[in-house]
Structures are given as C-alpha cells and as structure tokens.
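# structure here, sequence nowhere to be found:
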C-alpha cells in the first residue's frame, strides 16, 4: 500500500516528520557543508548531514562526516569539484557512473581547515533524489539513511529547500510502506522505530552487530519518536491502523503478494548496494583503508591486506571478503 501524497499535507504531521532537519549543527559541520557547496559549485542545490556525527552516535572526531549532496547537473557538479577541490577521477566518468547507479559516494577532504575535515558524500541530482525518496525508488540506500535523524545544513534558495524537504517527508512517510510487513501484531512507537532500523540494516551488508541498533535508538530516540508517534497517530486517524492507548494494530496486514513485493525490493536493494562497492574502487580515494577502518571500528575485526590484494583487489581479495561475509555479526535476511 502506498499512502497518497495528500496524506503529508497535514501541518502537524509535516512538522513532526521534519524533526531534526533544522537542529543546530556543529561549527565543523557547517564549515564542511559550506566547503562542499562551494566545491560542487553553482549546481549545488542542498547539503544534508546524516550518520553518526549528526546523530551523535559514537562518532570519532577524526571519522568522516556523512552528507547527501543534491545537485542540479552531474556534469557541472563534478567539473566544478575537479576545478575547485581536485579529484583523482575524471568528471565525465563520475557523472556517467552517477547516472548508471545513483548515488555515487565520494571522499572529500577540506585540507585547508584546521584540523582538516573529511566528508563522505552521496551525490544525487534533484530528480534522482526525488525518485530515491519515493515509491519509485530502485533501492533502499537513500530512504534507509534519511528516515533517521538528519540535518538540512545548506540550501541554495527557498525553492531548493522546499523540493528537498518535500522529498524527505515523503521518505519518512514511506517507512510504513516498507516496514509494515515486518511489524508484530501489536506495536508501539519504540517497536516501530526498532523494526525500521533492523529492516534497513538487513537490506545491506554491514559490519555492525545487533548492538548497533541499540546505540542508534538511544542516540536519536527523541527525534525518531517525535516523527513516528505522529505518523502512527495519523494512520490511526485515517483508520489504516487501530489504536489502543499507545499500542497499535494493523487490521489488514500485508498478504503473501505484498510481502513478496517488499522482500523483492530489499533483495534488489542489497544487490545494488553490493554493486556500488565496484564504484568505490573507481571514485573513493583510499577506499581500502576506509573500509578496513570502518570494519575494525564497528565489528572489532582487524584485517591486514597483502600488497598483492591491494594492487589487484578484484582478483585476490575475494577469499577474505567471502570469509568475512560468512562470519560477520550482521546476517539478518529479510524473509
């Protein structure tokens, strides 16, 4: 079931679903967002801060800040980035890969800052961003990150802000569409938030175990409960859910075909997420060291790469990758 766009017209619901977008960002985050907006040039429409630094969920000071950078044109954006910041890849190649399997994820370091700050940027055009937040999304990458706490730290103008906020609210409303199949018969807002996080984590290969879900819930509980308590209330007012105090029941839970559709969406999403690893090799500077640092930080697993594995990863890195995938702490299948 897809909720109609008019469902998000309710002012109280819109206000709740926008929770966190205007929350104060740190001075470092604001400076880094300005740097990125300048780097991608006049094509930049908006910069959204998400992830552990935005959520304040165990982020280390030296770890990269996570951003979505929304642009009007891929070619213009990457040419500007190459001119103003410098890139190890050709703008034309980055633009092509962005059109083929959006978003690209690129590493950018603001070396002129003291200390230098690192950013991990998911780059999407306005059109691709709108699609990724809607029922037409090809995978869960964007919605799986932006249903959580995020900060809209930079927009070019009021029109750009309105377009991005509308898409963000749609993504957050859509949590009921893809989360519905995994809800228990009776649930409250805390259970709803937990199911969303567990389901999203299951849609990707990640190094974290179940304890990461608890950390994320604790760090962003205030924002998420504000958003989704109002969403559940609105669903009850529309008689899509029934309500008994703070406990909700779905009177018409998804049938086999609807569940199959959701499972297919998440399997496709995991496949596309895995394909993006190949783009890391082409676009993400020092991608091997980044992945190893993240793996060790999130799972405690230390991996050493040989010179041969670093030089020809597509040929020689597979045995270690397969061993890790079989033994990783996060192995939930969305069935």
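Thanks, I have it. What you see is a predicted model; the values in this text were computed from it and never measured.
# so what's the gap between stretch 107-123 and the chain middle?
18 Å (Cα atoms, centre = their mean, to the nearest Å).
# and residue 113, which of the three is it?
Residue 113 carries the three-state label coil when classified by DSSP: H, G, I helix; E, B strand; the rest coil.
# in which helix or strand would I find the nearest residue to it once chain neighbours are set aside?
Spatial nearest neighbour of residue 113, excluding adjacent residues (Cβ to Cβ, 6 or more residues apart in numbering): residue 31 at 6.4 Å. Heads up, the C-betas are built off the backbone N, CA and C, glycines and all. For residue 31, the element it lies in under DSSP states H and E is helix 27-40.
# any idea where the helices of the stretch 201-335 of the chain begin and end?
211-237, 256-283, 287-299, 307-311, 313-316, 318-327 (DSSP state H, counting those that start in this stretch).
# report the buried residues of the longest one.
This points to helix 256-283. Neighbour counts over helix 256-283 (16 or more other Cβ atoms under 10 Å) mark 262, 265, 266, 269, 270, 272, 273, 276, 279, 280, 283 as buried.
# got the end-to-end distance for stretch 201-211?
The first and last residues of stretch 201-211 sit 12 Å apart, counting by Cα to Cα, to the nearest Å.
# then stretch 121-133?
17 Å.
# return the distance of it from the chain's centre.
With Cα atoms, centre = their mean, you get 11 Å for stretch 121-133.
# list the residues that contact residue 193.
217, 221, 224, 225, 228 (Cβ atoms under 8 Å, 6 or more residues apart in numbering).
# biggest strand in this structure, by residue count?
Determined from DSSP state E, the single longest strand within the chain is strand 117-125.
# strands paired with that one, and their directions?
strand 65-71 (parallel), strand 104-110 (antiparallel) (DSSP bridges).
# could you dump those strands into a markdown table and include mean neighbour count?
Shown next, in a markdown table, are those (neighbours: other Cβ atoms under 10 Å):
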| stretch | mean neighbour count |
| --- | --- |
| strand 65-71 | 26 |
| strand 104-110 | 21 |
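# sorry, back to before: and the residue nearest to residue 113, what does it touch?
Taking Cβ under 8 Å, 6+ apart, one finds 110, 113, 117 in contact with residue 31.
# rewinding a little: now which of the contacts of residue 193 would you call buried?
217, 224, 225, 228.
# could you dump those to CSV with pLDDT and distance to residue 254?
Output for the buried ones among the contacts of residue 193, formatted as CSV (pLDDT from 0 to 100; distance: Cβ to Cβ, whole Å):
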residue, pLDDT, distance to residue 254
217, 92, 24
224, 97, 23
225, 97, 24
228, 98, 18
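# tell me which of the residues you listed is nearest to residue 255?
residue 228 (23.9 Å; Cβ to Cβ).
# picking that back up, direction included, what does the helix or strand just after the helix holding residue 31 pair against?
Going down the chain from helix 27-40, the next helix or strand is strand 44-50, by DSSP H and E. Here strand 44-50 has these sheet partners by DSSP bridges: strand 65-71 (antiparallel), strand 151-155 (antiparallel).
# closest one to residue 192 out of the contacts of residue 193, please.
residue 228 (5.4 Å).
# quick one: that closest one and residue 191 touch, right?
No - Residue 228 is not in contact with residue 191 according to Cβ atoms under 8 Å; the separation is 10.2 Å.
# TSV please, covering the strands paired with strand 44-50 and showing mean pLDDT and distance to residue 102.
Formatted as TSV, the strands paired with strand 44-50 follow (pLDDT from 0 to 100; distance: least, Cβ to Cβ, whole Å):
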stretch	mean pLDDT	distance to residue 102
strand 65-71	97	11
strand 151-155	98	20
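# looking at the ones you listed, spot the one closest to residue 256.
Nearest of the strands paired with strand 44-50 (Cβ to Cβ): strand 65-71, 34.9 Å.
# what helices or strands is the helix or strand that that closest one is followed by leaning on?
Sequence order places helix 74-84 as the next helix or strand after strand 65-71, per DSSP H and E. Packed against helix 74-84 by the contact rule (3 or more Cβ pairs under 8 Å, 6 or more residues apart in numbering; DSSP states H and E) you find helix 27-40, helix 91-100, strand 117-125.
# show me which residues of helix 74-84 are buried.
For helix 74-84, using 16+ other Cβ under 10 Å, the buried residues are 74, 75, 76, 77, 78, 79, 80, 81, 82.
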